[in-house]
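A.B. asks: With the sequence up front, the predicted model follows.
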Amino acid sequence: MNNVPILLQALRGAAKTPPPIWLMRQAGRYLPEYMAERQKFPDFMEFCFNSDVVTKVTLQPIERFDFDAAIIFSDILTIPHFLGQTVKFEKGHGPILAKVDWTDFLKNSEQKDLSNDYQPLFQSITDVKNALPSDKALIGFAGSPWTIGTYMIGGGKSKGFSEIVKFAETQSQTFKGILDLLTDQVIKLLLGQIKAGCDVVQIFDSWAAAVPVQQREEWLWSPLRKIYKAIKTVYPETPIIYYGKGISLDYPALIPDLPGVCFGLDQSVDVKWANSAIQKFAPVQGNLDPEKLVMGDFQKDVQNILENLSVGPFVFNLGHGILPETPIPHVHQLIELVKGWKS
Ligand code: 1CP
């Protein structure tokens, strides 16, 4: 059988009842089978670049939950890692990135080709694609240049973003160099992932809301349009999902320049508004609160989301990544609810 995956149908503009479902960060710490594999690798980056283990953990949530899509297991911080900025993951701390001299770093990074470094990832993509049933899609991803940049400049997860914004404003030439470098590397990585077998790519812009409104054109939208154009030039049929957390009010103005892009909605977005302001013109994805999935009281919210958004092109998902403390039975209940939906 050669079924077009339901995720691709929705991303190409079809309203599906029930809609496709996958969850951001679906391969990860809430799964005991993930923890069992993860324990074998003290170093997270080594784990990310072992083809066999990446293939295995990418498929784990599909085997357990039968989601409509797999997302390749990797991390948005692989780009700084391969550009030569040491990235360490310490328990309870999140990522820690080494301080660098930006003038040297930018000079050394110019036109760097990371395709050899990414070979194990591309191999896993090909292996996962071959292992997946034909009705399931494979999603590749990268961080947005801004979101990756916040970790590189801040040395890890930023508590507030005022220091990064200050850096960007006071060292604007250096900051522009970092954004240009990351835009170029994000493009190469996404093209490589599609070439290796990904059906869809998602750009994670988790910290988009930290960008002051007057800087968004330069720091967020101009790089995003460049990425969009570069992908569409080579792979016009490959759908792109843009997940910008906390900035959905900006989406309506972006749509004309990014035709076909699916917009990720975080949990703060009112779905009635999203239907009239975004979904009339573009597919949308989201937006159940991940905390609700932890608590288990999500039935009303799921119904509200489905009533308002399954009328158009829609992908059911969370408003942000699934939390490590999420009980597995709740995930089963969520999928049953969504898959049992009749309009
Ligand atoms: O020990 C561990 O297992 C480390 C935990 C972990 C995992 C499971 C990290 C470190 N990365 C990942 C995988 C990962 N990261 C995926 C896997 C594919 C999937 O199933 O979805 C994806 C898509 C990401 C993307 C990612 N990494 C984002 C964007 C999405 C989001 O949740 O906002 C961000 C911001 C990161 C940085 C990062 N890497 C790891 C952690 C713990 C973090 C977040 C730290 C922070 O909160 O700032």
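C.D. replies: Sure, I can see it.
A.B. asks: going forward, measure contacts between C-alpha atoms and count neighbours the same way
C.D. replies: Noted.
A.B. asks: Distance of residue 325 relative to the ligand?
C.D. replies: The spacing between residue 325 and the ligand, counted by CA to the nearest ligand atom, to the nearest Å, is 13 Å.
A.B. asks: Wasn't that residue part of a strand?
C.D. replies: No - using DSSP: H, G, I helix; E, B strand; the rest coil, the assignment for residue 325 is coil, not a strand.
A.B. asks: Checking the closest residue to it other than its chain neighbours next. Helix, strand or coil?
C.D. replies: Closest residue to residue 325 apart from its sequence neighbours, by CA to CA, 6 or more residues apart in numbering: residue 30 at 5.9 Å. The three-state label given to residue 30 by three-state DSSP is coil.
A.B. asks: residues from the stretch 1-150 of the chain in reach of the ligand?
C.D. replies: 24-29, 71-76, 94 (CA under 6 Å from any ligand atom).
A.B. asks: Drop anything exposed from those residues.
C.D. replies: 24-29, 71-74, 76 (16 or more other CA atoms under 10 Å).
A.B. asks: among the helices and strands of the protein, which one scores worst on average pLDDT?
C.D. replies: strand 87-90 (a mean of 92; mean pLDDT, DSSP states H and E).
A.B. asks: between the residues of the stretch 1-150 of the chain next to the ligand, which is nearest residue 150?
C.D. replies: Of all these, the one with the least separation from residue 150 (CA to CA) is residue 76, at 11.5 Å.
A.B. asks: still on that earlier bit, packing partners for the least confident helix or strand of the chain?
C.D. replies: On a contact count with 3 or more CA pairs under 8 Å, 6 or more residues apart in numbering; DSSP states H and E, strand 87-90 meets strand 94-97.
A.B. asks: quick one: which of the buried ones among the residues of the stretch 1-150 of the chain next to the ligand is nearest to residue 268?
C.D. replies: Closest approach between these and residue 268, by CA to CA: residue 24, at 16.1 Å.
A.B. asks: ok, and the closest non-adjacent residue to the closest one?
C.D. replies: Here the residue nearest residue 24, using CA to CA, 6+ apart, is residue 321, at 4.6 Å.
A.B. asks: burial measure for that neighbour, as a count.
C.D. replies: The tally of other residues near residue 321 (other CA atoms under 10 Å) stands at 16.
A.B. asks: Look at it and tell me its secondary structure.
C.D. replies: coil.
A.B. asks: could you measure it against the ligand, distance?
C.D. replies: Using CA to the nearest ligand atom, we find residue 321 at a distance of 5 Å from the ligand.
A.B. asks: so who does that residue touch?
C.D. replies: The contact partners of residue 321, by CA atoms under 8 Å, 6 or more residues apart in numbering, come to 23-26, 290.
A.B. asks: quick one: pLDDT of the closest residue to the ligand within the stretch 1-150 of the chain?
C.D. replies: The stretch 1-150 of the chain approaches the ligand most closely through residue 25 (2.8 Å), counting by CA to the nearest ligand atom. We have a pLDDT of 98 for residue 25.
A.B. asks: and if you look at residue 157?
C.D. replies: For residue 157, pLDDT reads 87.
A.B. asks: ditto for the one 4 residues further on
C.D. replies: With respect to pLDDT, residue 161 has a value of 93.
A.B. asks: now residue 302, nearest residue through space, not along the chain?
C.D. replies: Going by CA to CA, 6+ apart, residue 302 has residue 288 as its nearest residue, at 6.9 Å.
A.B. asks: residues contacting the one you found?
C.D. replies: Residue 288 neighbours (CA under 8 Å, 6+ apart): 266-267, 298, 301-302, 305, 317-319.
A.B. asks: quick one: which of those residues sit in helices?
C.D. replies: If you go by DSSP state H, the contacts of residue 288 have 301-302, 305 in helices.
A.B. asks: Type out the ChimeraX command that picks the buried ones from those.
C.D. replies: To isolate the buried ones among the ones in helices among the contacts of residue 288 in ChimeraX, judged by 16+ other CA under 10 Å, type:
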select :302,305
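A.B. asks: Can you tell me what sits against stretch 165-183?
C.D. replies: Contacts to stretch 165-183, defined as CA under 8 Å, 6+ apart, come from residues 79, 102-103, 106, 109-110, 144-146, 148-149, 211, 219, 223, 226-227.
A.B. asks: Could you check it and say which residues are buried?
C.D. replies: 165, 168, 174-175, 177-179, 181-183.
A.B. asks: Repeat that for stretch 81-89.
C.D. replies: Neighbour counts over stretch 81-89 (16+ other CA under 10 Å) mark 81-83, 85, 87-88 as buried.
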